[in-house]
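Q: Build me a structure from this.
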Amino acid sequence: MTFDLNSYTNTMARYSQWMNGSLYSAAASLALSQQGVDFGVTDLIFMLAAE
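A: Here you go, the predicted structure:
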């Protein structure tokens, strides 16, 4: 099996775009009182899973 750097790079770029979109979507759904609060990674994962 050979490693294709171009394919890997493109796959990771698409994943990054998808994850950034999910993160920004979750952040946009927060109420003003929740913005800036440190929820931690676990809470963020549950927020993303609820979408």
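
Q: Tell me the gap between the helix or strand encompassing Leu48 and the middle of its chain.
A: Element membership for Leu48 (DSSP states H and E) is helix 41-49. Counting by C-alpha atoms, centre = their mean, to the nearest Å, helix 41-49 is centred 10 Å from the centre of its parent chain.

Q: can you pull the buried residues of that helix?
A: Neighbour counts over helix 41-49 (16 or more other C-beta atoms under 10 Å) mark Met47 as buried. Every C-beta, even on glycine, is put in place using the N, C-alpha and C of the backbone.

Q: Need the residues that contact it.
A: The contact list for helix 41-49 (C-beta atoms under 8 Å, 6 or more residues apart in numbering) reads Ser22, Leu23, Ala26, Ser29, Phe39.

Q: Derive a PyMOL selection command for the buried subset of those.
A: Only the buried members of the contacts of helix 41-49 enter the following PyMOL selection, criterion being 16+ other C-beta under 10 Å:
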select buried, resi 26
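
Q: What pLDDT is listed against the closest residue to Ser29 other than its chain neighbours?
A: Among residues not flanking Ser29 along the chain, Met47 sits closest, at 7.7 Å (C-beta to C-beta, 6 or more residues apart in numbering). Among the per-residue scores, Met47 holds a pLDDT of 72.

Q: Asn31 and Ser25, how far apart?
A: No Asn there; residue 31 is Ala. 15 Å (C-beta to C-beta, to the nearest Å).

Q: ok, those two, which is more surrounded?
A: Here Ala31 and Ser25 are compared on neighbour count by other C-beta atoms under 10 Å; more neighbours surround Ser25, at 12 against 6.

Q: tell me which element that one falls in.
A: Going by DSSP H and E, Ser25 is in helix 5-28.

Q: Report the central residue of the chain.
A: Nearest to the mean C-alpha position of the chain, by C-alpha atoms, centre = their mean, lies Met19 at 3.0 Å.
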